[in-house]
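1. need a structure here:
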Amino acid sequence: MKLRMKRIVLSLVVAFVMVLATTDAYSQCAMCRATVESNVGTGSPEPESEVGSGLNTGILYLMAIPYLLVGTVGFLWYKSNKRKNG
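-> Just a heads-up that it's a prediction; the model follows:
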């Protein structure tokens with residue numbers, strides 16, 4: 001049973017790391033793309049060009065938080081049921 005739990009935890013850690021791995025995409029949705037395109041302009045290395053990177057990072061954090069919350073609740077529920085049954 002411990003080996004199975006270790007595999008589950010390892011697969012969750014790998015999945016979490018893969019979610020946070022970034023690509024060179026400028027936006028994740030149409031509304032964000034319009035914002036980035038209007039702020040970035042020609043792609044000059046000015047502070048405005050960092051808007052796309054910051055926007056993508058914010059979107060990834062917003063996407064990861066619900067999964068972390070559901071995973072935490074599920075894990076605590078599992079532990080609680082394991083104590084009651086065993």
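
2. tell me the confidence at residue 43?
-> pLDDT, residue 43: 55.

3. my bad, residue 78
-> Value for residue 78, per-residue pLDDT: 91.

4. where's it relative to residue 9, distance?
-> 12 Å (C-beta to C-beta, to the nearest Å). Heads up, the C-betas are built off the backbone N, CA and C, glycines and all.

5. what helices or strands is the helix or strand containing residue 6 leaning on?
-> Assessed by DSSP states H and E, residue 6 sits inside helix 2-20. Packing partners of helix 2-20 (3 or more C-beta pairs under 8 Å, 6 or more residues apart in numbering; DSSP states H and E): helix 51-85.

6. give me the angle between the helix it packs on and helix 2-20.
-> 160 degrees (axes from the mean of the first three to the mean of the last three C-alpha atoms, to 10 degrees).

7. state the pLDDT value of residue 24.
-> In this prediction, residue 24 has a pLDDT value of 56.

8. what's the answer for residue 65, then?
-> 90.

9. count the neighbours of it for me.
-> 10 (other C-beta atoms under 10 Å).

10. kindly report the same for residue 7.
-> 10.
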